[in-house]
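Undergrad: I'd like to go over a predicted model; first the sequence, then the structure.
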Amino acid sequence: MRDGEIGRCASQNSKSIKKILSYKMILNNFIVTTLSVMMVFLALINAISKIKEEENCKSESIVRIFSVFLAIAIFAWLMGIQRFYFFHQFTGETIIENDNSSMSVEYFKEKILNQFPNQTWSGVARIEIKQFIEKNKPYQTYEAYGVYYPASHEVKLKVTSVNEMLRNTAHEFAHWYWFDKMTDEQRAEWTRLYKQTKVFSSEYARTDEKEDFAETVSYIVAWKAVETDQEKIDFIVKNYLKPLHLDYEITKSSSGDFFVVQQSQT
C-alpha cells in the first residue's frame, strides 16, 4: 500500500436496472436509519424515565444514556465508511471521483483504468484521484502515491505521470486482492516467501509482506517485467493469474536478471 468508473459499458436495460437498484439501496438505508433513530429515541425515553423513577440510581441512568450515544456514534461511523461499499454491492458500479485535480475522470478511465481487466479491480467500490494524499500512518515521512482502505474498499491515487500511475493503480488493486480474495493460508505462504527471499521487486517491497505482494503484482500487471525469484513467480501464477483468468506467460529474460511478462498466444 503506498500509504495505499464505471469501466464497463452497460446496455440501456442494464443502466435502468442499476438505477432501480440505486433507489432500492437508498430506500433500504432510509428504512434502516429511521428504525435505528426510533430505537435510539425509545432508549432515551426509557433512560430519562428511569432517572425520574430512581433518583438514587442516577449514575446508572447516565451510563445508559452514554451507551446510547456511543451506539449512535458507532452506527454513524459504520454507515460513513461503508456507504460506497453498500452502493457497490447493490449496483455493481465503481464510483470514480477527483478533487479538481489536473487529471479528469474520463482521462483516467481511458489511459489507466481501461488498461486493467475488470476482474483485477471488480471489488473496488470507489476510486478517488487526488493532487495530494495525506499520510495515513503517524510515522510516515514520505508522500503517499496511493492507498487502499480495506474497510470501505476504496482506493486513492495521486496524480503523477500515466506510466507511474499505471503501476500505482495496479499496486492498490493488488491490495484489494490481498485483503478480499486471498485465503489466510495463501497470505501465510506469501509471508513465508517474503521472509526467506533476498530478491525484491523494489526497495518499497521490503516494507512488509503486503507491500511485497502488491509491488510484485504491480510490476507484472502494469510494466510487464519484474525482478523477483522463481518461487514468488510460481505463487503469483497459481494464486493470482489463474484465479483471475489472466493469460500471461512469465519467462526469464535473456540475461536472467528479471522476468518478462507477455500475453499468452493460446
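TA: Received, thanks.
Undergrad: next, count neighbours for Glu154.
TA: Counted with other C-beta atoms under 10 Å, the neighbours of Glu154 add up to 23. Bear in mind the C-beta positions are built from the backbone N, C-alpha and C, glycine included.
Undergrad: pLDDT score for it?
TA: With respect to pLDDT, Glu154 scores 90.
Undergrad: cool, and Leu27?
TA: 55.
Undergrad: i'd like the first residue to be 18 from this point on
TA: All right, first residue 18 from here; so that's Leu44.
Undergrad: output stretch 171-178 as CSV, nothing but the C-alphas.
TA: Extracted C-alpha coordinates of stretch 171-178, given in CSV (Å, rounded to 0.1, in the frame of the first residue of the first chain):
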residue,chain,number,x,y,z
GLU,A,171,-11.7,2.5,-1.6
VAL,A,172,-8.6,3.4,-3.5
LYS,A,173,-7.0,6.9,-3.5
LEU,A,174,-4.4,7.7,-6.2
LYS,A,175,-2.1,10.7,-6.5
VAL,A,176,-1.9,12.3,-9.9
THR,A,177,1.6,11.6,-11.5
SER,A,178,2.7,10.5,-15.0
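Undergrad: what are the buried residues along it?
TA: Glu171, Val172, Lys173, Leu174, Lys175, Val176 (16 or more other C-beta atoms under 10 Å).
Undergrad: same thing with stretch 117-132?
TA: By neighbour count on 16+ other C-beta under 10 Å, the buried set for stretch 117-132 is Ser118, Met120, Val122, Phe125, Ile129, Leu130.
Undergrad: ok, now which ones touch the closest residue to Thr214 other than its chain neighbours?
TA: Distance criterion C-beta to C-beta, 6 or more residues apart in numbering; nearest residue to Thr214, sequence neighbours excluded, is Asp246 at 5.5 Å. Asp246 is in contact with Leu210, Thr214, Lys215, Val216, counting by C-beta atoms under 8 Å, 6 or more residues apart in numbering.
Undergrad: got these as a markdown table, with distance to Ala191 and secondary structure columns?
TA: Compiled in a markdown table, these are given as follows (distance: C-beta to C-beta, whole Å; DSSP: H, G, I helix; E, B strand; the rest coil):
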| residue | distance to Ala191 | secondary structure |
| --- | --- | --- |
| Leu210 | 15 | helix |
| Thr214 | 17 | coil |
| Lys215 | 22 | coil |
| Val216 | 18 | coil |
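Undergrad: by neighbour count, which of these wins?
TA: Going by other C-beta under 10 Å, Leu210 tops the contacts of Asp246 with 18 neighbours.
Undergrad: coming back round to it: ok, the residue nearest to Thr214 to Ile129 distance?
TA: Counting by C-beta to C-beta, to the nearest Å, the gap from Asp246 to Ile129 is 29 Å.
Undergrad: could you pull out the strands for the stretch 68-217 of the chain?
TA: Remark: strands assigned in the stretch 68-217 of the chain by DSSP state E, counting those that start in this stretch are 112-115, 143-147, 163-166, 171-175.
Undergrad: of those, which is nearest Phe275?
TA: Phe275 lies closest to strand 163-166 among the strands of the stretch 68-217 of the chain, at 23.1 Å (C-beta to C-beta).
Undergrad: which parts of the chain belong to which domain?
TA: For the chain, the structural domains run 18-198, 200-283, going by automatic domain parsing.
Undergrad: hey, least reliable of those by pLDDT?
TA: domain 18-198 (a mean of 71).
Undergrad: need the phi and psi values for Val176.
TA: phi -70, psi 120 (degrees, to the nearest 10).
Undergrad: wait, what's in contact with it?
TA: Here Val176 is in contact with Ser118, Ser119, Met120, Ile146, Lys147, Gln148, Met182 (C-beta under 8 Å, 6+ apart).
Undergrad: please flag which of those sit within helices.
TA: Counting by DSSP state H, the contacts of Val176 place Met182 in helices.
Undergrad: for the contacts of Val176, give me JSON lines that also has distance to Tyr221.
TA: Below are those laid out as JSON lines (distance: C-beta to C-beta, whole Å):
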{"residue": "Ser118", "distance to Tyr221": "23"}
{"residue": "Ser119", "distance to Tyr221": "25"}
{"residue": "Met120", "distance to Tyr221": "23"}
{"residue": "Ile146", "distance to Tyr221": "21"}
{"residue": "Lys147", "distance to Tyr221": "19"}
{"residue": "Gln148", "distance to Tyr221": "21"}
{"residue": "Met182", "distance to Tyr221": "16"}
